[in-house]
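Student: Fold the following.
(2 chains)
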Protein chains: 2
Amino acid sequence: MRNVSARTEESEVLSIDGERMIRDLRALADFGGERPGVHRPAFSPQDIASRNWLVERFSEAGLEAEIDGIGNVIARSPTAGPRLLLGSHTDSQPHGGWLDGAMGVVYGLEIARAVAADPSCAGYGVDVASWSDEEGQYSDLLGSKSFCGLITESDIDRITHRDQKTPLRAALDRAGLAGRARVKFGEVPYCGYLEAHIEQGPDLDNSGQKLGIVTSIVGNYNFVINFEGVQNHAGTTRMSIRKDAGVALIRLAAAIDQRFPEVAADRSVWTIGNVMLIPGAKSIIPERAEMWFQFRDTDRDRLASMESLLNELVDEASRGSCKVVLTKRSQTVPQAMDGFLRDRLEAAAERHAPGMHVQMPSGAGHDAQILAKCMPAAMLFVPSIGGVSHHHAEDTAEADLILGCQVLATAASDVLQRASKRS
Amino acid sequence: MRNVSARTEESEVLSIDGERMIRDLRALADFGGERPGVHRPAFSPQDIASRNWLVERFSEAGLEAEIDGIGNVIARSPTAGPRLLLGSHTDSQPHGGWLDGAMGVVYGLEIARAVAADPSCAGYGVDVASWSDEEGQYSDLLGSKSFCGLITESDIDRITHRDQKTPLRAALDRAGLAGRARVKFGEVPYCGYLEAHIEQGPDLDNSGQKLGIVTSIVGNYNFVINFEGVQNHAGTTRMSIRKDAGVALIRLAAAIDQRFPEVAADRSVWTIGNVMLIPGAKSIIPERAEMWFQFRDTDRDRLASMESLLNELVDEASRGSCKVVLTKRSQTVPQAMDGFLRDRLEAAAERHAPGMHVQMPSGAGHDAQILAKCMPAAMLFVPSIGGVSHHHAEDTAEADLILGCQVLATAASDVLQRASKRS
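Tutor: Residues are numbered from 1 along each chain as shown, chains lettered A, B, ... in the order given. Okay, here's the model as predicted:
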């Protein structure tokens, strides 16, 4: 049953303290704690307090840690040798779960501590980041994009809160971050980035597998579709002369529901996340309507087919009685994970949980898809109980949390040992 | 071209002062005025102020006027002879038009004044009502229902504001109406009720006709349909295992759109007025969804067919992956207008606008459908420019407003003269 390669056997196992890691994870969940969930949206007082707490923990572990001008916690190992970057995010969804993001950062803390305490690791180091606003209160994956040079100062001037429309600059100012420099990729030559995360889907839990090695992160296309008709009295306006924006929306939504399976593969997903009819009264024919539509896939060609079908359906809808306007709100391309790092994660998984790991795409977006634009990057998933995420009930068995941390530690030390031998 | 019957020629024409009536209408539009529209929701300070203003105007005209315990303005003629009741409502839609309801009440004021000033009318009288909350901030047609004995004290204890859910009792208290008696039908033996109203639809305006004699008021069935699925991550949850409440809603809405024409007649109408997806976020599969659905028709059997089709479609929807619950929120039966009163309105219309009037159903609900449960009732429509209503732009040509008032005056005096001859 075991299929461990000779090369993996050569590596030392970097031992982590699973109980200490769990204690840190629980301590972090007290910031914005809503037991069992957390409410720690980006730049909230509790988000900033948790980042200051992280800076203290990293300093105790012997790293130089700071919060930079976009809110990223960056903790640097004092070593001069090869460096690996570990990380994830500690902002949460509003009223979300305790593990989404936080787990990957606390894994990084535990592994940095283990590396610092292990004399055999003296020749290399682990840096750790907690990226800010991964969940997009202001802008999706904001902190990792800033680190990778994908956010300019004028972007920051322009970005506002997605609901409240308050400026990002004001949030940075309130958080005491105004005027601080933003740490950017390039200052340190990393040999790669590893991110551990809960799966946020049911596949591992359903199959009984303990670890997922991410092959690629899906591309995610987001649209808003606006319909404009004529408001009128729902009792006195005959059906034949109506320009009902709500009916126009329903017809397009039904066409999407019927036709998207034609271009979809097994793991393609598409979602109408929100619908609004305006004014939204029982006796008034809606004048305007709005639909939020999203689709995701790992294959660029399939994403292109989905977009072209959407355009075709919107064109058909436009031939009705209402004006229909399709606007692309955001688009991310599918991002393959680095083959060498995936192999190291797989070898570590096989070492600690032989036969209990699987290769899988990520249907959710992650900071790793941004980091992959600057350096080799890969991801490790642990099971989400019932596939639940973005919800107070989000959880993972303690043994699975500890196993995931150990596998990441082994993979990290394997990558760094190989890099030291090369250098 | 003129086709005035001999009997109509017998009646005296009761002359109204069109300019005075227009001045009153404009003065009333200053209460909650948002030129050109008005914002005078039931029991708002501006609604109560306008009712006090009406009481003063009626008193000046020699009527005994009061605001009763549900907010109805009731103005009583001092005469001992036959009495006719005229009326409509002076509460408005939120940010609505200046004529919806207000016109019928000001017609009543002008006609009561004309009757009081005309010695030939000494043997009979016109009473006038402005019903409260016709638009249903708290409950549709509340004031006329109270007058007709269809609202109990315990109903009043239970009714809350449709959006804010604040108690009706608190609104009555704030308006200074707590403890006042409610005036009920039966205290005065009326020979009938006449209500003039803007059409709120485009038929008169499109056809160039000046007056509509209402044959019947549609029945109006209102439903809320709730869908319950499972909230999940829109990136990681495969299509095959989703329980998407939004998709369940869209499929039922599309089925309604496709199938309702099968059971509809030319003037049947059905409307999805509002749709909500919960939580309504771009990357979350909706857990719950809600649809507000309404249909109207003048034919009881057709309303029954529409309801049975709706039940059939909801049953089909329930066989999908989500729970679907259909709740009837309200139901009114179609109400035919009184034949004798319709004839009198038609004769008056023919006298002042020969060949320029038409018989038509009312697609909107009106207080007359409630009054018809207590006494003979009929309605007169004047054109709505462009069919627009429930909107600031709601308007009617001044000449059409004056013509409508004159036709109602002539019909009222005709009805009363005939009643005096009988008594």
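Student: out of all of them, which helix in chain A is the longest?
Tutor: Selection of the longest helix in chain A by residue count, based on DSSP state H, yields helix A:398-422.
Student: what's it packed up against?
Tutor: With contacts taken as 3 or more Cβ pairs under 8 Å, 6 or more residues apart in numbering or on different chains; DSSP states H and E, helix A:398-422 sits against helix A:18-28, strand A:83-89, helix A:102-117, strand A:125-131, strand A:190-198, strand A:211-217, helix A:339-352, strand A:377-382. For the C-beta atoms, the positions are set from N, CA and C on the backbone; glycine is no exception.
Student: closest one to A:Q294 among those?
Tutor: A:Q294 lies closest to strand A:211-217 among these, at 14.9 Å (Cβ to Cβ).
Student: and the closest one, which strands flank it?
Tutor: Applying DSSP bridges, strand A:211-217 is found paired with strand A:335-336 (antiparallel), strand A:357-362 (parallel), strand A:377-382 (antiparallel).
Student: For A:E187, grab phi and psi.
Tutor: phi -70, psi -30 (degrees, to the nearest 10).
Student: That one: how many residues sit nearby?
Tutor: Neighbourhood size, A:E187 [other Cβ atoms under 10 Å in any protein chain shown]: 9.
Student: circling back to that earlier point, Serialize the helices and strands packed on helix A:398-422 to a markdown table and add fields for distance to A:Q231.
Tutor: Formatted as a markdown table, those follow (distance: least, Cβ to Cβ, whole Å):
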| stretch | distance to A:Q231 |
| --- | --- |
| helix A:18-28 | 50 |
| strand A:83-89 | 43 |
| helix A:102-117 | 47 |
| strand A:125-131 | 45 |
| strand A:190-198 | 46 |
| strand A:211-217 | 43 |
| helix A:339-352 | 55 |
| strand A:377-382 | 48 |
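Student: B:A196 is nearest to which of those?
Tutor: Nearest of these (Cβ to Cβ): strand A:83-89, 65.3 Å.
Student: Please look at A:E287 and A:G280 and confirm they touch.
Tutor: No: contact criterion Cβ atoms under 8 Å: A:E287 and A:G280 do not qualify, at 10.2 Å.
Student: quick one, which of those two is more surrounded?
Tutor: Higher neighbour count among A:E287 and A:G280: A:E287, with 20 against 16, using other Cβ under 10 Å.
Student: Distance of that one relative to B:L401?
Tutor: A:E287 sits 27 Å away from B:L401, going by Cβ to Cβ, to the nearest Å.
Student: same check, this time on A:G179
Tutor: Note on A:G179: its distance to B:L401, by Cβ to Cβ, is 66 Å.
Student: out of the two, which sits in the busier spot?
Tutor: Shown here are A:G179 and B:L401; by other Cβ under 10 Å, B:L401 has more neighbours (23 against 8).
Student: What residues does the more buried one make contact with?
Tutor: B:G18, B:M21, B:I22, B:L25, B:L99, B:M103, B:V382 (Cβ atoms under 8 Å, 6 or more residues apart in numbering or on different chains).
Student: I'd like to know how many residues surround the fifth one.
Tutor: Residues within reach of B:L99, counting by other Cβ under 10 Å, total 25.
Student: same check, this time on the one 10 residues further on
Tutor: Residue neighbour count, defined by other Cβ under 10 Å, stands at 28 for B:L109.
Student: swap in A:G18?
Tutor: With other Cβ under 10 Å as criterion, A:G18 counts 17.
Student: For it, which residues are in contact?
Tutor: If you count contacts by Cβ under 8 Å, 6+ apart, A:G18 has them with A:L401, A:I402, A:C405, A:Q406.
Student: What distance do you get for A:I198 to B:V230?
Tutor: 18 Å.
Student: who's more crowded, those two?
Tutor: Neighbours were counted for A:I198 and for B:V230 using other Cβ under 10 Å; A:I198 has more, 32 against 18.
Student: For the more buried one, list the residues it contacts.
Tutor: The contact partners of A:I198, by Cβ under 8 Å, 6+ apart, come to A:G97, A:L99, A:D100, A:M103, A:F381, A:V382, A:P383, A:S384, A:S389, A:E394, A:T396.
Student: Who is it paired with across the strands?
Tutor: Going by DSSP bridges, A:I198 forms beta bridges with A:V382.
Student: before we move on, the earlier item: quick one: which of the contacts of A:I198 is nearest to chain B?
Tutor: Nearest to chain B out of these is A:S389 (Cβ to the nearest Cβ; 5.2 Å).
Student: Isn't the closest one up against A:D100?
Tutor: Yes: here A:S389 reaches A:D100: they are 5.8 Å apart, a contact under Cβ under 8 Å.
Student: so how far is A:D133 from A:G219?
Tutor: Relative to A:D133, A:G219 is positioned 21 Å away (Cβ to Cβ).
Student: Out of the two, name the residue with the larger neighbour count.
Tutor: A:D133 (27 against 22).
Student: what's the spacing between that one and A:H197?
Tutor: Separation of A:D133 from A:H197 (Cβ to Cβ) stands at 16 Å.
Student: coming back round to it: who wins for neighbours among the contacts of B:L401?
Tutor: Neighbour counts for the contacts of B:L401 (other Cβ under 10 Å) peak at B:V382, which has 27 neighbours.
Student: what about that residue, distance to B:A399?
Tutor: Applying Cβ to Cβ, the value for B:V382 to B:A399 is 10 Å.
Student: circling back: tell me the angle of the longest helix of chain A relative to strand A:190-198?
Tutor: Helix A:398-422 and strand A:190-198 meet at an angle of 170 degrees, taking axes from the mean of the first three to the mean of the last three Cα atoms, to 10 degrees as the criterion.
Student: Distance from helix A:398-422 to the middle of the chain?
Tutor: Relative to the chain's own centre, helix A:398-422 is displaced by 21 Å; criterion: Cα atoms, centre = their mean, to the nearest Å.
Student: next one: stretch A:282-293
Tutor: Distance of stretch A:282-293 from the chain centroid (Cα atoms, centre = their mean) equals 32 Å.
Student: And stretch A:215-229, by the same measure?
Tutor: Stretch A:215-229 sits 17 Å away from the centroid of its parent chain (Cα atoms, centre = their mean).
Student: Over to stretch A:314-321?
Tutor: Using Cα atoms, centre = their mean, the offset of stretch A:314-321 from its chain centre is 35 Å.
Student: where do the strands sit along the stretch 251-400 of chain A?
Tutor: Per DSSP state E, counting those that start in this stretch, the stretch 251-400 of chain A carries strands over the ranges A:269-278, A:284-285, A:288-297, A:323-332, A:335-336, A:357-362, A:377-382.
Student: Of all these, which one comes closest to B:A411?
Tutor: Taking those one by one with Cβ to Cβ, strand A:284-285 is closest: 31.7 Å.
Student: Provide a list of residue ranges in the stretch 1-150 of chain A with pLDDT below threshold.
Tutor: Scanning the stretch 1-150 of chain A for pLDDT under 70 picks out the ranges A:1-12.
Student: Give the buried residues for stretch A:28-44.
Tutor: A:28-29, A:31-33, A:37-44 (16 or more other Cβ atoms under 10 Å in any protein chain shown).
Student: no, scratch that, I was asking about stretch A:353-369
Tutor: A:353, A:357-358, A:360-369.
Student: For B:V247, see how far away the closest residue to A:V230 other than its chain neighbours is.
Tutor: In space, and not counting its chain neighbours, A:V230 is closest to A:K243: 4.2 Å by Cβ to Cβ, 6 or more residues apart in numbering or on different chains. Per Cβ to Cβ, A:K243 is found 25 Å from B:V247.
Student: Verify the stated contact: A:V314 with A:V324.
Tutor: Yes: under the criterion of Cβ under 8 Å, A:V314 makes contact with A:V324 at 5.7 Å.
Student: quick one: which of those two has more around it?
Tutor: For A:V314 versus A:V324, neighbours defined as other Cβ under 10 Å are more numerous around A:V324 (23 against 18).
Student: what is that one paired to in the beta sheet?
Tutor: A:V324 has these beta-bridge partners by DSSP bridges: A:F227.
Student: ok so, going back, tell me the mean pLDDT for the longest helix of chain A?
Tutor: Averaged across helix A:398-422, pLDDT comes to 95.
Student: Any figure for the gap between the residue nearest to A:V230 and chain B?
Tutor: Taking Cβ to the nearest Cβ, to the nearest Å as the measure, A:K243 falls 12 Å from chain B.
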